[in-house]
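K.L.:
Have a look; sequence and predicted model below, questions after that.
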Amino acid sequence: MVAINQCRKMPYVQKAMGNILTAVLVAWFVLLSNVIYAAEVTAKLSENIIVENQVVQLTIRADVADTGNGPDFSVLEKDFTILNQSQSSQFSFNLGASQSRKYWIVSLMPKSAGVVQIPAIPVGQYASNPLTLEVKTSPALLDENGNPPILIEVEVSDLQPYLQQEVIIRLKLYHAFALQNANISTPKHVDLVMERLTDDQVHYETIKDTDYQVLTREYLAFPQRSGVIEIEPQKVAAMINTNRGRRLIKAQSKPIKLNVLPVPTMYPSENWLPAKDVVISSTLKHPTSRQAGAAQVGDTLIWQITTIADGAFPEQIPTLEFVSTKNYKLYPQQPTFSSSKSTYGIRGEQTVNIEVVPTAPGTLTLPNIELPYWDIKNRRVKHSHATGPSMEITGLPIIDEKPVESGKKKVTALLKPQSRSVAPISLAKTESDQKESAELTEKKDVTVDLSIKTGEQWSLKHILLASLLMVTAIALCLAVCLRLYKNKSNNKTLEEQSVPTLKEFAPLKTANEDSAYHDLLTVCRSNQLPLLRSALLEWARHRWGEEAIRGLDDIKELSQSNSLKELLMEAELIMYSDQTTTEWDGTMLANALEEFYSGESKPTKESQLKSLYPDL
């Protein structure tokens, strides 16, 4: 006691004891803080009891610094639909102690009613506490008029369509509340060709005193097989805001059954075309700036056929086919397709351009067009017609006898129709030829009318004049005869000597007939019309000899093939035509040459064609 009392009396001893006491209190405070801020992961629900289709929020709180990759919510997917999630963090420092805190908030939708266990959620090396959620069966959500907040209906234009007939499917969504994250199903079936028809249409309707906003969505469907095709019920799921919070609402339509009918046995064609209406237009025009009715033999005319089918794709329209005749040749081009859509369905349009080359003068009349189709309204066969267009065709021109300025040729008369290929250049007479022919004609027709007078009127002067006229007439006749003889000799000399043979001015370039034949096929299949004549002559000279071949006419005669003659005539028409837009297709000529060379017939093009819809 004496020692203690002495220590208290010392001031420096009292100060030291105070410092020790302070250090002890701080140590106890730090230890207490570590106990208070112990590492912990907790889970909490916004509500422990909810109704079916109601959203509940799960909050995960982690009072740890290392959370790894965050909570693993995959354990919830068995009983819940995870709608969305968010994350936030907090950091605090107090009296030398730091604290990190993280939150995860997840919106969940229970998949079924009943008591649902929420297991522990792993967070890094820790895990949350398990929870229990009670989900009660939800009563029907109706307004004060007894109407649901959402409805969905499906309508079809025809419950008994024919095969490949247009069917319009209309999906109507009625909703009395603003929808959030709406998910609407799409009609589909493996035996239906489907595509959207128009953009969504919105209007308003009142049903049993409840105002609905109606969303209409339309689809096109084309059945690809006959029989029963069932379209599954269409579903919609969306979120709406209610007095008790956000709720998920669902609705579905009734299923639709289509009884698809096959192609009727009475249908007269292999090309099946179901449509509401079919319209055909046919026009014939000259592609150049010539006036109407001024087409000539060898010109290229354009025959345009446009077919519009209401209620069908343009690819469903059969392609019309026509054959050439002795009065014209036809060269069809690839068809073009277009379509337009409206709330009434689809309208397909097919346009075909056919090049027409007249081969004879007179009135060119193209065939009438008739296309059968199945009227889906009246369910019977109908025919769409179009009258074949016509145009006056003039013959090949000859040259006017009168001189024309700037060397231009003037058409004054027509040649008679030619029975074989005619090159206008070889038939047209030059101005010098016409003048020479006219002079010869005038000289042939010269006559001298001499009358001998008797009596006293005759004098020496008259006798001399008469003798001079007689000598002049005889000299003139001799000159005419000599001129005719020289012209005949000159023509013969020009034919035999002046005109060089093919052997002289165009020696053979190939070694044998086989190589010349293969070069000719290459020219034909590559559509090189400017090289066709030389390639034909090269091959023919190998085959029939140099002396037998002087031009293409010799090839026609020696081949004794009607098909080869006709194709060579067509090529010559195009070769000498003044229409630069004309295209020559040498495939048919190549096939004819192969048949002639091998002696075996090839299959026709028609036997190799395939229809757009082979399986009806």
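P.N.:
The structure has been received and is ready for your questions.
K.L.:
so what does the helix or strand hosting I302 touch, helix or strand wise?
P.N.:
Taking DSSP states H and E as the criterion, I302 maps to strand 301-310. The helices and strands touching strand 301-310, judged by 3 or more C-beta pairs under 8 Å, 6 or more residues apart in numbering; DSSP states H and E, are strand 277-285, strand 345-358, strand 369-375. In this view, the C-beta of every residue, glycine as well, is placed from N, C-alpha and C.
K.L.:
wait, which of those is closest to V214?
P.N.:
Using C-beta to C-beta as the measure, strand 345-358 is the one of these that comes nearest V214, at 20.8 Å.
K.L.:
picking that back up, export the helices and strands packed on strand 301-310 as TSV, with columns for mean neighbour count.
P.N.:
Below are the helices and strands packed on strand 301-310 laid out as TSV (neighbours: other C-beta atoms under 10 Å):
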stretch	mean neighbour count
strand 277-285	16
strand 345-358	20
strand 369-375	18
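K.L.:
mind checking which of those is nearest M569?
P.N.:
The closest of the helices and strands packed on strand 301-310 to M569 is strand 345-358. By C-beta to C-beta, the value is 10.9 Å.
K.L.:
ok, now which ones touch D66?
P.N.:
G124, Q125 (C-beta atoms under 8 Å, 6 or more residues apart in numbering).
K.L.:
Roughly how far does it sit from W104?
P.N.:
Separation of D66 from W104 (C-beta to C-beta, to the nearest Å) stands at 15 Å.
K.L.:
Do you have the helices of this structure handy? List them.
P.N.:
Assigned by DSSP state H, the helices in the chain fall at 2-8, 11-36, 424-427, 431-444, 460-493, 502-505, 513-525, 532-544, 552-559, 562-575, 587-598.
K.L.:
Check those for me: which has the lowest mean pLDDT.
P.N.:
Lowest mean pLDDT within those: helix 424-427, a mean of 34.
K.L.:
what's the nearest residue to I60 once chain neighbours are set aside in contact with, if anything?
P.N.:
Distance criterion C-beta to C-beta, 6 or more residues apart in numbering; nearest residue to I60, sequence neighbours excluded, is W104 at 4.3 Å. W104 makes contact with T59, I60, A62, G70, P71, Q85, S86, Q87, according to C-beta under 8 Å, 6+ apart.
K.L.:
Filter the residues you listed down to the buried ones.
P.N.:
Applying 16 or more other C-beta atoms under 10 Å to these, the neighbour count classes I60, A62, G70, P71, Q85 as buried.
K.L.:
which of those sit farthest apart?
P.N.:
Pairwise distances across the buried ones among the contacts of W104 (C-beta to C-beta) peak at 14.3 Å, for the pair A62 and Q85.
K.L.:
So which bits of stretch 159-167 are buried?
P.N.:
P161, Y162, L163, Q164, Q165, E166, V167.
K.L.:
What of stretch 173-186?
P.N.:
By neighbour count on 16+ other C-beta under 10 Å, the buried set for stretch 173-186 is L173, Y174, H175, A176, F177, L179, A182.
K.L.:
low pLDDT regions in the protein?
P.N.:
1-39, 92-98, 138-140, 289-294, 396-459, 461, 489-506, 577-582, 601-616 (pLDDT under 70).
K.L.:
how far away is the spatially most central residue of it from K208?
P.N.:
By C-alpha atoms, centre = their mean, the chain has its centre lying nearest to F337, at 6.5 Å. Applying C-beta to C-beta, the value for F337 to K208 is 47 Å.
K.L.:
Now do stretch 192-209: distance from first to last residue.
P.N.:
One end of stretch 192-209 to the other measures 38 Å (C-alpha to C-alpha, to the nearest Å).
K.L.:
contacts for it?
P.N.:
With contact meaning C-beta under 8 Å, 6+ apart, stretch 192-209 is reached by 145-147, 168, 174, 186-188, 211-224, 229, 231, 341-343, 345-346.
K.L.:
make it 7 Å
P.N.:
145, 147, 168, 187-188, 211-224, 229, 341-343 (C-beta atoms under 7 Å, 6 or more residues apart in numbering).
K.L.:
Show me how far it is from its chain's centre.
P.N.:
Mean-position distance between stretch 192-209 and its chain equals 29 Å (C-alpha atoms, centre = their mean, to the nearest Å).
K.L.:
Fine, thanks again, bye for now.
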